[in-house]
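Student: give me coordinates for this.
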Amino acid sequence: MEDLSWSSPSLTIVLASLHAFLYLFALILTFRPAFTLFHLFLATQAVAFALRPILSAADGGFSLYGGPLAFYNEGLFLNLLANFLVALGYLAVYAWRHPTASQPYRYSRSYLLKGTWISFGLGLTALALIHFLSGGAWLPNARGEAITRVVPFGKLLFPLAVIPFSFSLASGALLIFFTLREVKPSRPKYFVGLLFLLLVSLTSAIALILLYQRGFVLVALLVALFFVARLHKWGYTKLVLVALLSLVLLTQIRPTAQFIANLLSGKAPSAPVNVEGQPPFLQRHFLYSPNFDTVDVWPIVLSYIADNGYKGGSTFLALPLRFFPPSVRLEYGLLTAVDELNAYYWGNVYWEKSFGFNVTLAQEAYLNFGLLGFILLPLAGMLGAWLDRWLWALSPLTTTRMYGVFAAFQTGIPTGEVGGIVQWALAYLLIGFFVGILSSLSLRTSIYGRYERR
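Tutor: The predicted model follows:
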């Protein structure tokens with residue numbers, strides 16, 4: 001008889017298969033429209049809780065952060081329950097009224113163009129200050145700590161760089177797409193404009209890569225693709241191809257950042273790595289790396305609870321301090337779930353470098369209240385469903401609203417780290433409001449108030 005005890009790799013495969021079945025079933029129930037935040041959620045969860053655990057079982061029960069296999073499997077089961085509750089919450093809203101493109105989205109080219117230039121200028125200014133104030137220590141080959149620690153005022157300058165750059169990357173690409181559809185690029189004024197927009201998008205992408213912000217690059221590309229997919233009513237064949245390309249892109253951003261940083265600093269590129277004896281591609285990037293490492297964090301959560309008990313809601317009360325550096329939270333003894341678990345695992349290294357793993361909503365809820373905390377998860381699914389409805393009904397497309405789209409994609413189905421979701425969503429909305437005001441200051445309604453239907 002097959003051993004299905006908590007410490008069995010066979011149980012890992014069974015639980016991973018149940019995860020895969022749950023996500024496939026949820027996909028069938030929400031088949032249309034084809035591109036939603038919920039489908040992105042299902043795709044990422046399939047990698048995190050189906051692909052990665054299967055690779056782990058094939059490797060004898062490997063876990064990136066160690067811990068007993070029994071805790072690994074227990075976490076895999078708990079997240080199965082958590083994602084089931086998230087799906088129930090989403091389906092409750094979806095069944096009532098699913099996302100529908102009720103009208104074509106409209107946009108003002110001039111308004112978006114000005115928002116793109118302002119955002120790009122804001123990002124460049126912030127990056128210049130980061131470089132000047134840190135003496136170049138922000139480059140990925142020059143630092144061993146979080147960028148917010150090596151750069152003075154990093155907690156402020158960092159979002160002022162990555163958020164506008166992610167916007168200018170996506171909006172520049174979208175404006176190129178719209179221009180190519182509407183006019184002949186052979187006309188000199190359009191050709192020059194396209195070159196400048198291409199330069200903006202490429203520069204924004206390179207800046208984000210150097211800042212090690214894989215997530216912001218992917219979000220920018222997904223936002224741009226969302227509007228293209230909605231306009232052309234893409235099906236699942238193209239979307240699956242986009243998903244696979246996104247996964248490959250995710251694995252290559254860090255090596256690309258090191259290569260570019262070496263070129264900028266004048267260092268000789270590293271010698272090519274001997275591929276002989278290296279682990280296969282999937283194991284290298286989706287088992288032995290921190291990509292999609294949520295399941296590997298569960299043994300730390302369960303070990304912490306076994307040693308210290310439940311937190312009783314204290315990490316949720318500390319969320320307002322998420323906007324301040326970790327040293328401030330440590331000084332006042334108000335630690336978030338990320339602080340508690342990373343300090344428990346890494347010790348003082350976490351406080352010195354501010355590097356660590358993320359903690360999801362399910363893990364934080366369980367850390368505080370046990371299974372009772374899972375009552376929050378259907379609410380996360382319901383909020384995600386409302387965001388999907390808003391995204392698909394969005395029109396007209398203004399600079400401020402497009403920043404709102406970024407905030408929605410940053411939130412997604414909000415099952416990630418609560419403090420990070422709140423912090424970045426608010427930052428997108430605030431910067432978008434500021435850029436939107438600047439974009440409208442010199443726009444004349446008679447010329448730029450006209451919106452084009454797409």
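Student: name the residues of stretch 163-183 that come out as buried.
Tutor: 163-176, 178-179 (16 or more other CB atoms under 10 Å). For the C-beta atoms, the positions are set from N, CA and C on the backbone; glycine is no exception.
Student: if we only consider the residues you listed, which is nearest to residue 59?
Tutor: residue 166 (34.9 Å; CB to CB).
Student: correct me, but the closest one touches residue 204?
Tutor: Yes: counting by CB atoms under 8 Å, residue 166 touches residue 204, with 7.3 Å between them.
Student: which neighbours do those two share?
Tutor: residue 220 (CB atoms under 8 Å, 6 or more residues apart in numbering).
Student: follow-up on the earlier one: please list the members of the buried residues of stretch 163-183 that lie in helices.
Tutor: Using DSSP state H, 163-176, 178-179 are the members of the buried residues of stretch 163-183 that sit in helices.
Student: may I ask which two of the residues you listed are separated the most?
Tutor: 163 and 179 (24.5 Å).
Student: separation between residue 112 and residue 106?
Tutor: 11 Å (CB to CB, to the nearest Å).
Student: for residue 176, same thing?
Tutor: Distance from residue 176 to residue 106, by CB to CB: 19 Å.
Student: cool, and residue 132?
Tutor: Taking CB to CB, one finds residue 132 at 41 Å from residue 106.
Student: neighbour count winner among the two?
Tutor: residue 106 (15 against 11; other CB atoms under 10 Å).
Student: surely the more buried one and residue 396 touch.
Tutor: Yes: using CB under 8 Å, residue 106 is in contact with residue 396, at 4.1 Å.
Student: strands of this protein, start to end?
Tutor: 106-107, 452-453 (DSSP state E).
Student: skipping its backbone neighbours, what lies nearest residue 26 in space?
Tutor: In space, residue 26 comes closest to residue 87 once its chain neighbours are excluded; the distance is 4.7 Å by CB to CB, 6 or more residues apart in numbering.
Student: show the model's pLDDT score for the one you found.
Tutor: On the pLDDT scale, residue 87 is placed at 98.
Student: next one: residue 227
Tutor: 90.
Student: try residue 180
Tutor: 84.
Student: and for residue 308, the neighbour number?
Tutor: Residue 308 has 11 nearby residues by other CB under 10 Å.
Student: overlap in contacts of residue 112 and residue 106?
Tutor: By CB under 8 Å, 6+ apart, the residues touching both residue 112 and residue 106 are residue 397.
Student: thinking again about what came up before, what's the residue nearest to residue 26 in contact with, if anything?
Tutor: 22, 26, 381.
Student: which of those residues has the largest number of neighbours?
Tutor: residue 381 (26 neighbours).
Student: so what's that residue closest to, chain neighbours aside?
Tutor: residue 89 is the one closest to residue 381 (CB to CB, 6+ apart), at 2.8 Å.
Student: how far away is the one you found from residue 384?
Tutor: Counting by CB to CB - residue 89 and residue 384 are separated by 8 Å.
Student: ok, now residue 153?
Tutor: Distance from residue 153 to residue 384, by CB to CB: 34 Å.
Student: these two: who's more crowded?
Tutor: Counted by other CB under 10 Å, residue 153 and residue 384 do not tie: residue 384 has more neighbours, with 26 against 13.
Student: does that one touch residue 91 like I think?
Tutor: No: the criterion here is CB under 8 Å, and residue 384 misses it with residue 91 at 10.9 Å.
Student: quick one, helices of the stretch 1-150 of the chain?
Tutor: 9-29, 37-46, 52-58, 69-96, 109-134, 147-150 (DSSP state H, counting those that start in this stretch).
Student: to residue 439, which of those helices lies closest?
Tutor: helix 109-134 (4.4 Å).
Student: quick check: buried residues in that closest one?
Tutor: 111-120, 122-124, 126-127, 129-130, 134.
Student: any idea how far the closest residue to residue 48 other than its chain neighbours is from residue 282?
Tutor: Distances taken as CB to CB, 6+ apart put residue 292 closest to residue 48, at 4.1 Å, once the chain neighbours are dropped. As defined by CB to CB, residue 292 lies at a distance of 12 Å from residue 282.
Student: ok, now residue 387?
Tutor: Distance from residue 387 to residue 282, by CB to CB: 31 Å.
Student: for residue 345, same thing?
Tutor: 25 Å.
Student: over to residue 417?
Tutor: For residue 417, the distance to residue 282 - CB to CB - is 25 Å.
Student: likewise residue 353?
Tutor: 29 Å.
Student: now do residue 247
Tutor: Applying CB to CB to residue 247 and residue 282 gives a distance of 10 Å.
Student: neighbour count for the two, which is higher?
Tutor: residue 247 (18 against 15).
Student: per-residue pLDDT, the spatially closest residue to the more buried one that is not a sequence neighbour?
Tutor: Counting by CB to CB, 6+ apart, residue 47 is the residue found nearest to residue 247 once chain neighbours are left out, at 7.3 Å. pLDDT for residue 47: 95.
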